[in-house]
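> Show me how the following folds:
(one chain, ligands or ions: 1)
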Amino acid sequence: MSRQFFVGGNWKMNGTTASNEALIETLNGAEIPEDVDVVVAPPAIYLESVRKALSPRIAVSAQNCYHAQSGAFTGELAPAMLADLGITWTLQGHSERREYFHESSEFVAKKTKFAIEHGIKVIACIGEKLAEREDGTTFDVCAAQLAPIAEALSAEQWADVVIAYEPVWAIGTGKVATPDQAQEVHAYIRAWLAENVSAEVAEATRIIYGGSVNGKNCNELAGQPDIDGFLVGGASLKPEFVNIIAARA
Ligand code: PEP
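Numbering: from 1, shown residues only. Prediction:
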């Protein structure tokens, strides 16, 4: 089975109205290969303006959302609010949220399930820290982060999930995983899905790589059999994002 290539841009807490407009102009003018899904995740305050200005060819994602429809949850966003604005994706479990906002894998799984149940697809982020890689526990860490998601979701709900493998030591550091390092973990994740969910889900689920991807290193990574795309931080704010979108072309 060939999985559609998927490229996400995580703008994190960056941008202004003016810089967003410039980026959107670049994206709207880009030639996007037909067989690539492209999604950008601006900060929450810009979701509506970005959705309105961006070509419908590119989907818009939130960076987070909560597991309730509405209510007394100050500072949070409901999936229904995202859907109301034409936002179709959300990130969940980005390492910055796990680290700075103490999000547990169980909490990430709960929000993932709720988002999917309310029509929002999820880019679920997992990945080990440097000390964990050095200790040889990369696979265990990934499995432990995946397990609550697998417990929460039905087999059908996996159709609305993309897994982003993002080694924390590679995020924003300029230290990209080698194609072999990334492929090894992606293959492990796919085998884990086969064993713990189903062979069909393992075959169909996109597993994308994130961590210092740029216009120069994307082609070799994209050539790996289990790398189905990228989640891009820093380089998604630059014109080279367009080259990353075309990495497999
Ligand atoms: C990210 O934030 O998900 C990310 C991968 O960042 P960067 O590309 O800057 O390493």
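> where along this structure do the helices fall?
Taking DSSP state H, the helices of the chain run over residues 17-28, 47-53, 79-84, 95-100, 105-117, 130-135, 138-152, 179-196, 199-204, 218-222, 241-245.
> how close does the spatially most central residue of the chain get to the ligand?
The centre of the chain sits closest to Ile123, judged by Cα atoms, centre = their mean, with a distance of 3.8 Å. Noted for Ile123: a distance of 9 Å to the ligand, by Cβ to the nearest ligand atom, to the nearest Å. For glycine as for every other residue, the C-beta is placed from the backbone atoms N, C-alpha and C.
> show me what contacts that residue?
Residues near Ile123 by Cβ atoms under 8 Å, 6 or more residues apart in numbering: 8, 39, 41, 61, 89-92, 161-164, 208, 231.
> And the closest residue to Pro43 other than its chain neighbours, what's its pLDDT?
Spatial nearest neighbour of Pro43, chain neighbours left out: Met13 (5.7 Å); criterion: Cβ to Cβ, 6 or more residues apart in numbering. Note for Met13: predicted pLDDT of 98.
> ok, now Ile120?
Looking at Ile120, its pLDDT is 98.
> For burial, what's the neighbour tally of it?
In terms of burial, Ile120 registers 25 neighbours under the definition other Cβ atoms under 10 Å.
> And whatever residue of the chain ends up closest to the ligand, its phi and psi?
Using Cβ to the nearest ligand atom, Gly233 is the residue of the chain that sits closest to the ligand, at 2.1 Å. Backbone geometry at Gly233, expressed as degrees, to the nearest 10, gives phi -100, psi -100.
> so what's the closest residue in space to it that isn't next to it in sequence up against?
If the residues on either side of it in the chain are set aside, Gly233 comes closest to Asn10, at 5.0 Å by Cβ to Cβ, 6+ apart. Counting by Cβ under 8 Å, 6+ apart, Asn10 makes contact with 41, 63, 91, 94, 210, 231-233, 236.
> Just the buried ones from those?
41, 63, 91, 94, 210, 231-233, 236 (16 or more other Cβ atoms under 10 Å).
> Next to the ligand, which bits of this structure? Give me the list.
Within reach of the ligand by Cβ under 6 Å from any ligand atom, the chain has these residues: 10, 12, 166, 171-172, 210-213, 231-235.
> Count the neighbours of the residue nearest to Pro43 for me.
10.
> Number the chain from 25, please
Will do, 25 is the new start, and the previous item becomes Met37.
> Just put the buried ones among the contacts of Asn34 in TSV and tack on pLDDT.
Formatted as TSV, the buried ones among the contacts of Asn34 follow (pLDDT from 0 to 100):
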residue	pLDDT
Ala65	99
Gln87	98
Leu115	99
His118	98
Gly234	98
Leu255	98
Val256	98
Gly257	98
Ser260	98
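> Among the contacts of Ile147, name the ones in strands.
Judged by DSSP state E, strands contain the following of the contacts of Ile147: 32, 63, 65, 85, 113-116, 185-188, 232, 255.
> Could you tell me how many residues sit around Ile213?
Look at Ile213: counted by other Cβ under 10 Å, it has 21 neighbours.
> Which positions within stretch 143-162 qualify as buried?
Buried, per 16+ other Cβ under 10 Å, within stretch 143-162: 144-153, 156-157, 162.
> Which ones among those lie within strands?
Checking those against DSSP E, those in strands are 145-150.
> Centre of the chain to stretch 77-93, how far?
Mean-position distance between stretch 77-93 and its chain equals 12 Å (Cα atoms, centre = their mean, to the nearest Å).
> of all the buried residues of stretch 143-162, which two lie farthest apart?
Ile144 and Arg157 (31.3 Å; Cβ to Cβ).
> Correct me if wrong: Gly33 contacts Ser260.
Yes: the criterion here is Cβ atoms under 8 Å, and Gly33 meets it with Ser260 at 2.9 Å.
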